[in-house]
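Peer 1: got a structure for you, letters missing:
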Ligand code: GLP
């Protein structure tokens, strides 16, 4: 069962997850973090930046991003190369050479998935993968119907995802139609999955991911196949969970030594 932690706010979630990551980095400086884009992980990155100000050294940390748009110049402010650089690499003081993002360049995209899988394998994988969740239950850019065994590859975005992400662009037309995303099989290889969700708009997807059937129709339900998952949600995102009382009971009675 995924551990479900219900917190008061997104900032509290950020502090909780960042404290865990900082403790892991203190144990092993060459920790590997899987980073996600979207607004949801931002409180984690902000809390990690505060950990850095307090003296934690992230310079030997390696990061692998989940996904990238196809056809946006890497320098475009909304390319995930740029977003990860702005929200993660710079504020955390990461070494840019250790930050990996799939190649969304149109001319070379045909081999981008295989190259990214090879880079992940050569590195030895991801220790902790941060995940957001789309309002329809997608993870990374694994849209509904994505194979639960899928690896990094090109995907076509749904109109709903394009509309959700249009807020980052001047118009819907500018939102790319394709992406390169880690597959669900790729994501499931990480040592620990930490899925975050905030707000009422995510409540239905969270409930289905945690308590519904495992199905390619609800890509985030893949978390039920992983042995170490932490779902960190605020009250609104937790509001449709049937077993929330039990999750609170488990967390309140958790032995301190277990950590996240
Ligand atoms: C995009 C990203 C996902 C992210 C989702 C939700 O589709 N590829 O990784 O989880 O948006 O974004 P937000 O966190 O802004 O709701």
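Peer 2: Everything's here; your move. Quantities reported herein were computed from a predicted structural model and do not represent experimental measurements.

Peer 1: I figured residue 259 hits residue 23, correct?
Peer 2: Yes - the pair residue 259 and residue 23 passes the contact test of C-beta atoms under 8 Å, sitting 7.4 Å apart. No exception for glycine: its C-beta is placed from N, CA and C like everyone else's.

Peer 1: And the helices in the stretch 51-200 of the chain?
Peer 2: For the stretch 51-200 of the chain, the helices defined by DSSP state H, counting those that start in this stretch occupy 80-84, 90-92, 112-123, 159-165, 184-187.

Peer 1: Least confident of these, on average?
Peer 2: Of all these, the minimum mean pLDDT falls on helix 159-165 (a mean of 93).

Peer 1: Quick check: residues of the stretch 51-200 of the chain near the ligand?
Peer 2: Within the stretch 51-200 of the chain, the positions adjacent to the ligand are 66, 67, 132, 133, 134, 140, 141, 161, 165 by C-beta under 6 Å from any ligand atom.

Peer 1: Identify the residue nearest the first one in space, chain neighbours excluded?
Peer 2: Nearest non-adjacent residue to residue 66, counting by C-beta to C-beta, 6 or more residues apart in numbering: residue 140, 4.0 Å away.

Peer 1: contacting residues for the residue lying closest to residue 188 once chain neighbours are set aside?
Peer 2: Using C-beta to C-beta, 6+ apart and skipping the chain neighbours, the partner closest in space to residue 188 is residue 226 (5.5 Å). Contacts for residue 226 (C-beta atoms under 8 Å, 6 or more residues apart in numbering) come out as 2, 188, 193.

Peer 1: Closest one of those residues to the ligand?
Peer 2: Of all the contacts of residue 226, residue 193 has the smallest distance to the ligand: 12.7 Å, by C-beta to the nearest ligand atom.

Peer 1: beta partners for that closest one?
Peer 2: Beta-bridge pairing of residue 193 under DSSP bridges involves residue 129, residue 229.

Peer 1: What about it, how many residues nearby?
Peer 2: 23 (other C-beta atoms under 10 Å).

Peer 1: Can you give me the neighbour number for the residue of the stretch 151-260 of the chain found nearest the ligand?
Peer 2: Nearest residue of the stretch 151-260 of the chain to the ligand: residue 161, at 5.3 Å (C-beta to the nearest ligand atom). Neighbour count for residue 161, taken as other C-beta under 10 Å: 20.

Peer 1: Isn't residue 180 up against residue 111?
Peer 2: No - here residue 180 lies out of contact with residue 111, judged by C-beta under 8 Å, at a distance of 10.3 Å.

Peer 1: Compare neighbour counts for those two and give me the winner.
Peer 2: Per other C-beta under 10 Å, whichever of residue 180 and residue 111 has more neighbours is residue 180, with 26 against 10.

Peer 1: what residues are up against the residue nearest in space to the middle of the chain?
Peer 2: Residue closest to the average C-alpha location in the chain (C-alpha atoms, centre = their mean): residue 131, at 2.3 Å. By C-beta under 8 Å, 6+ apart, the contact list for residue 131 reads 34, 36, 66, 139, 140, 187, 193, 194, 195, 196, 220, 223.
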